[in-house]
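> What follows is a predicted structure for the sequence shown.
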Amino acid sequence: MTDDMRIKLNDTASLVMSWAAPLYTEGIVGAFFNQLDLSRGHNLLARCDAVCPWYSEVIRNRKHFIRHLIERELRSSDTPCQVVIPAAGMSPLSLELLVDNPERIAQIIEVDIAGMKEKHALYGNTASRLSDRVSCVTLDITSQGFSCETLRSEAAYNAEISTIVLFEGISYYIAEEHLRRAMNTFQSERRCNRIVLEYMLPCELVKEARRAIPRGVFEAIGTYAELAHVQCYSPSHVEQLFESAHGEAMAHYYLHDMEQIRTGERRWFVEKGDGWVGCTIGAI
């Protein structure tokens, strides 16, 4: 991946956070979010909103649901968990989790290809009492250097405690072999770790009337970021990914589930085929 492609993928992170903005308005999470410069994603935002003016609902549903899912896992654990967030981008999820679940989290490790030093500085500016519990590591998860050993040396990763790993907004953009290798990194002998994997569904699982929306949005993103294609996964394919890591997919969720959790109703996504995003949690 070239430096120019890295920069453009970071611009897509600005796009996503612009859509998600209404989720981040209060307390130290809001203070952190207000320091972000999202201007680089504005042109791309206009292109994507021209395809679907309500696409922000997809992102808000996704981000709200993923937080809900991780917090549910934290509450069900008998001991504090470690949270690892590859491709963390600009998301303030770490702050959200620490504000509401401080006693249930041992530490959080964020990983991304750029911006991690700057992000940790923002954490210090807005949440100094929490920032020492978040490590921000500059590392490409598609590289051979992405490993537990590297995370241990860079961020005191502890392979002996239960870990929740979130792959959000990244499976679209990397090859399956890279995702598979990254997942395998977090194998545990007792399957005590959890992976939350968010992904794009293939078009045959999406109603024909809705297929133009993700196609148009990701064509805009792909053209801008110079991506050859967007990687999609079916639920059965995801189950194979977990099995290859000696794990097991536990539950699959879709946009109608996510919308129901966030809003209490199903307006845009009434049933499974109305949406194009899946989220699976599994033991590994």
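Good, I have the coordinates.
> Which parts of the stretch 101-250 of the chain are helices?
Using DSSP state H, counting those that start in this stretch, the helices of the stretch 101-250 of the chain run over 116-126, 128-131, 148-155, 176-184, 212-225, 235-244.
> Which one of the ones you listed lies nearest to residue 280?
helix 235-244 (4.8 Å; Cβ to Cβ). To be clear about C-beta, it is placed using only N, CA and C from the backbone, and glycine gets the same treatment.
> where in the chain is pLDDT low?
Within the chain, the ranges that satisfy pLDDT under 70 run 1-7, 9.
> make it 90
1-13, 40-41, 114, 144-145, 189, 222-229 (pLDDT under 90).
> Pick out the residue closest to the middle of it.
Nearest to the geometric centre of the chain sits residue 168, at 2.0 Å (Cα atoms, centre = their mean).
> about what we covered before: for residue 45, find the nearest of the helices of the stretch 101-250 of the chain.
helix 212-225 (9.8 Å).
> bridging residues for residue 252?
For residue 252, the beta-bridge partners are residue 280 (DSSP bridges).
> Now do stretch 79-86: everything it contacts.
70, 73-74, 91, 93-94, 97, 103-112, 141, 146, 151, 157-158, 161-168, 170, 182, 186 (Cβ atoms under 8 Å, 6 or more residues apart in numbering).
> what does stretch 211-225 give?
Applying Cβ under 8 Å, 6+ apart, the set of residues contacting stretch 211-225 is 5, 8-9, 11-12, 15, 44, 47-48, 51-52, 55, 172-173, 200, 203, 206, 227-230, 276.
> which parts of it are buried?
213-214, 216-222, 224-225 (16 or more other Cβ atoms under 10 Å).
> possible to save these as JSON lines with distance to residue 247?
Converted to JSON lines, the buried residues of stretch 211-225 look like this (distance: Cβ to Cβ, whole Å):
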{"residue": "213", "distance to residue 247": "32"}
{"residue": "214", "distance to residue 247": "27"}
{"residue": "216", "distance to residue 247": "34"}
{"residue": "217", "distance to residue 247": "31"}
{"residue": "218", "distance to residue 247": "28"}
{"residue": "219", "distance to residue 247": "33"}
{"residue": "220", "distance to residue 247": "34"}
{"residue": "221", "distance to residue 247": "30"}
{"residue": "222", "distance to residue 247": "30"}
{"residue": "224", "distance to residue 247": "34"}
{"residue": "225", "distance to residue 247": "30"}
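> on that earlier part again, columns distance to residue 194 on top of the helices of the stretch 101-250 of the chain, output as a markdown table?
Converted to a markdown table, those look like this (distance: least, Cβ to Cβ, whole Å):
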| stretch | distance to residue 194 |
| --- | --- |
| helix 116-126 | 23 |
| helix 128-131 | 22 |
| helix 148-155 | 16 |
| helix 176-184 | 12 |
| helix 212-225 | 27 |
| helix 235-244 | 11 |
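> which stretch among those helices comes nearest residue 59?
helix 212-225 (10.5 Å).
> ok, longest helix in the protein?
For the chain, the helix reaching the highest residue count under DSSP state H is reported as helix 56-76.
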